[in-house]
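Peer 1: okay, structure incoming, though there's no sequence with it:
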């Protein structure tokens with residue numbers, strides 16, 4: 001047991017000063033809103049490097065931003081999760097034997113083997129200095145709460161008059177997906193002092209931005225108060241971002257009084273369903289935007305992502321170009337913070353063009369009265385105003401993205417598969433059919449994060465047993481990525497209910513896989529199950545498994561559609577010039593309305609100017 005504990009809780013102790021003194025000037029109430037007068041724009045390491053980013057990768061992205069993006073308003077470099085774990089190497093959290101680096105006051109410190117400039121107890125000071133020397137700003141990610149190792153070692157809380165970590169913690173409402181920390185009991189003596197000591201330390205490093213995770217869903221009001229108070233007294237402006245979503249709408253007033261950014265949704269990946277989910281949830285948040293207060297659509301999963309990631313393998317984004325335009329248009333017209341998630345030095349010309357379009361960025365920086373005009377379920381129109389010219393911006397979306405199936409034609413339909421019930425046994429007679437269609441439906445919630453597996457699928461009959469993994473399908477589709485044999489859709493081992501399987505088909509809702517059935521087989525059987533790769537994440541993870549013996553599709557979505565905008569809805573009766581901002585071309589002059597072609601899963605972003 002002793003050997004195991006040493007492995008699990010290996011700790012490097014660094015003696016550190018707190019940075020700020022007790023006499024440090026505090027900020028006035030509400031002053032924090034001045035620190036983010038426009039939506040923050042930057043880069044975050046999570047989408048490309050997961051929990052294992054190293055200093056050289058941060059420096060490479062810093063240099064890229066300084067050279068190619070700073071002039072367009074991009075300025076934050078953010079080191080995401082678990083920078084304090086020495087043996088974090090891949091995209092999946094090492095929760096078996098993490099080697100934490102922590103100081104004498106129970107505060108995580110950067111792992112020197114990953115961040116060499118942090119040697120000798122200097123923390124992130126030298127890295128922050130380098131980033132600042134490039135005219136940029138520095139940020140980090142932390143988890144809410146108190147390190148478990150600090151509790152176990154009964155480490156003192158700095159400035160708390162002898163109170164130790166084991167006196168301010170609780171095992172209630174712990175994070176369900178990362179086991180590093182305990183909850184801090186907000187009203188305990190020493191709780192505020194702990195967060196004060198954190199922010200003082202971070203201020204001494206030169207921190208400009210902090211993302212605090214496991215804070216918004218569920219909404220930890222007490223700890224948000226502590227964090228906000230600690231920032232206010234640390235003497236350095238530090239923009240606060242709460243994560244992940246969904247932040248409860250009923251907490252809008254509280255979060256606006258305590259944070260600069262708050263996540264509206266769970267993690268957004270390169271899944272079209274994630275993008276449409278943002279579009280839906282944003283409808284209840286746009287009225288709460290104001291200088292210093294920005295509802296957050298989440299990071300931008302474009303370019304090269306998942307170099308080391310929990311979702312899939314090294315790739316350029318799975319979103320099509322149309323979908324990338326739609327994502328950037330939504331984030332822009334909504335005035336969301338913009339944090340690019342890809343590895344910037346790997347950007348291609350198209351990705352770079354999305355990040356450096358000055359006309360689109362001007363909407364993020366300067367537009368006002370951003371609002372939803374209409375949504376008929378397929379065609380959506382958002383508007384915003386240019387306060388300098390009086391022009392109107394319009395974002396036109398078309399998303400007929402649901403391939404409709406007829407569930408009554410299924411010969412098998414599972415009950416709802418969720419985290420509570422993660423699998424179902426499937427066995428159906430083929431009734432002489434020559435066709436077999438395996439369908440995974442998102443169960444109507446529209447979320448991504450629905451990794452689903454057909455485990456050990458096979459046909460049986462007079463000819464014996466035929467593994468479907470040995471039979472080439474006719475065609476196959478998935479809502480994210482592509483169906484894959486003997487791996488999950490993220491190219492990891494198949495795993496259902498914590499058991500790995502060697503044989504199966506990994507896919508992602510919504511998915512249809514079509515097979516021709518050879519002669520001599522009369523039964524299909526398999527287990528359908530959620531892959532563990534999605535069970536441990538926030539959101540989604542709800543599917544149904546269906547089996548059809550005839551084509552389940554009863555409609556094929558349009559490739560494009562006209563989206564109409566009447567100028568009277570803008571209060572305009574004059575002729576107007578219309579300019580397409582993504583193509584940087586003038587579309588024409590129109591009298592009463594415009595009707596523009598928008599590709600399915602795509603968007604048009606236009607400026608409408610009165611003709612003088």
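Peer 2: On my side now, so go ahead. Being a predicted model, the structure only gives us computed values, none of them experimental. Numbering: from 1, shown residues only.
Peer 1: all helices for the stretch 251-400 of the chain, in order.
Peer 2: Per DSSP state H, counting those that start in this stretch, the stretch 251-400 of the chain carries helices over the ranges 252-256, 272-281, 321-333, 349-355, 358-366.
Peer 1: going along the chain, name the strands of the stretch 401-550 of the chain.
Peer 2: 412-413, 423-429, 435-441, 451-461, 464-467, 475-477, 484-485, 494-496, 499-501, 504-508, 511-516, 523-530, 544-548 (DSSP state E, counting those that start in this stretch).
Peer 1: for the stretch 151-300 of the chain, that is, sorry about that
Peer 2: For the stretch 151-300 of the chain, the strands defined by DSSP E, counting those that start in this stretch occupy 169-170, 181-184, 209-213, 239-242, 261-263, 294-296.
Peer 1: before we move on, the earlier item: can you tell me which of the strands of the stretch 401-550 of the chain the model trusts least?
Peer 2: Lowest mean pLDDT within these: strand 475-477, at a mean of 91.
Peer 1: if we can go back for a sec, which stretch in the helices of the stretch 251-400 of the chain has the least confidence?
Peer 2: Among the helices of the stretch 251-400 of the chain, helix 272-281 carries the lowest mean pLDDT, a mean of 92.
Peer 1: need the contact partners of that one.
Peer 2: The contact list for helix 272-281 (C-beta atoms under 8 Å, 6 or more residues apart in numbering) reads 245-246, 264-265, 267-268, 297-298, 319, 323, 326-327, 330, 380, 397, 399, 401, 442, 446-450, 479-480, 509, 601. C-beta here means a position set from N, CA and C on the backbone, and glycine is covered the same way.
Peer 1: please spell out the ChimeraX selection for the buried subset of these.
Peer 2: Restricted to buried positions by 16 or more other C-beta atoms under 10 Å, the ChimeraX selection for these reads:
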select :245,246,264,265,267,268,297,298,319,323,326,327,330,380,397,399,401,442,446,447,448,449,450,479,480,509,601
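Peer 1: where does the prediction get shaky in the stretch 501-612 of the chain?
Peer 2: In the predicted model, the stretch 501-612 of the chain carries pLDDT under 70 at residues 538-539.
Peer 1: quick one: the helices in it, in order.
Peer 2: Counting by DSSP H, counting those that start in this stretch, the stretch 501-612 of the chain has helices at residues 532-535.
Peer 1: pLDDT weak spots in the stretch 1-150 of the chain?
Peer 2: In the stretch 1-150 of the chain (pLDDT under 70), the answer is 1-24.
Peer 1: swap the cut-off to 80 and go again
Peer 2: Counting by pLDDT under 80, the stretch 1-150 of the chain shows low-confidence ranges at 1-25, 91.
Peer 1: quick one: residue 357 and residue 581 touch, right?
Peer 2: Yes. Using C-beta atoms under 8 Å, residue 357 makes contact with residue 581 at a distance of 6.7 Å.
Peer 1: secondary structure class for residue 50?
Peer 2: Under DSSP: H, G, I helix; E, B strand; the rest coil, residue 50 falls in the helix class.
Peer 1: measure the closest residue to residue 85 other than its chain neighbours to residue 181 for me?
Peer 2: Spatial nearest neighbour of residue 85, chain neighbours left out: residue 98 (4.9 Å); criterion: C-beta to C-beta, 6 or more residues apart in numbering. When distance is defined by C-beta to C-beta, to the nearest Å, residue 98 is 12 Å away from residue 181.
Peer 1: gap between the two ends of stretch 167-175?
Peer 2: Taking C-alpha to C-alpha, to the nearest Å, stretch 167-175 runs 19 Å from one end to the other.
Peer 1: and that stretch, what's buried?
Peer 2: For stretch 167-175, the neighbour count (16+ other C-beta under 10 Å) marks 167, 168, 169, 175 as buried.
Peer 1: now swap in stretch 103-123 and tell me
Peer 2: Applying 16+ other C-beta under 10 Å to stretch 103-123 flags 103, 105-112, 114-115, 117-118, 122-123 as buried.
Peer 1: which residues does that stretch contact?
Peer 2: Stretch 103-123 is contacted by residues 12-16, 52-55, 83-86, 88, 99-102, 124, 126-127, 130, 142, 146-147, 149-151, 153, 155-158, 165, 194, 197-198, 201, 204-205 when judged by C-beta under 8 Å, 6+ apart.
Peer 1: same check, this time on stretch 570-577
Peer 2: With C-beta under 8 Å, 6+ apart, stretch 570-577 has contacts from 383, 392, 567, 586, 588, 589, 590, 591, 608, 609, 610, 611.
Peer 1: could you redo the last one with a cut-off of 7 Å?
Peer 2: Residues outside stretch 570-577 that contact it (C-beta atoms under 7 Å, 6 or more residues apart in numbering) are 392, 567, 586, 589, 590, 591, 608, 609, 610, 611.
Peer 1: try stretch 471-479
Peer 2: By C-beta under 7 Å, 6+ apart, the residues outside stretch 471-479 that reach it are 271-273, 442, 450, 483, 489, 507-516.
Peer 1: from these, list just the buried residues.
Peer 2: Here, 16+ other C-beta under 10 Å leaves 271-273, 442, 450, 483, 489, 507-515 buried among those.
Peer 1: and of the helices of the stretch 251-400 of the chain, who's closest to residue 540?
Peer 2: Closest to residue 540 of the helices of the stretch 251-400 of the chain is helix 272-281 (C-beta to C-beta; 8.2 Å).
Peer 1: give me the angle between that closest one and helix 321-333.
Peer 2: On the basis of axes from the mean of the first three to the mean of the last three C-alpha atoms, to 10 degrees, helix 272-281 is oriented at 30 degrees to helix 321-333.
Peer 1: OK, contacts around residue 208?
Peer 2: Applying C-beta under 7 Å, 6+ apart to residue 208 gives the contacts 76, 137, 138, 139, 238, 239.
Peer 1: again with residue 242
Peer 2: With C-beta under 7 Å, 6+ apart, residue 242 has these contacts: 212, 215, 216, 224, 255, 259, 262, 263.
Peer 1: what bridges to it?
Peer 2: Note on residue 242: beta-bridge partners by DSSP bridges are residue 212, residue 262.
Peer 1: that one and residue 200, how far apart?
Peer 2: For residue 242, the distance to residue 200 - C-beta to C-beta - is 20 Å.
Peer 1: ok, now residue 499?
Peer 2: Residue 499 sits at a distance of 47 Å from residue 200 (criterion: C-beta to C-beta).
Peer 1: adding distance to residue 470, write the contacts of residue 242 out as a markdown table.
Peer 2: Shown next, in a markdown table, are the contacts of residue 242 (distance: C-beta to C-beta, whole Å):
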| residue | distance to residue 470 |
| --- | --- |
| 212 | 49 |
| 215 | 48 |
| 216 | 46 |
| 224 | 54 |
| 255 | 53 |
| 259 | 54 |
| 262 | 49 |
| 263 | 44 |
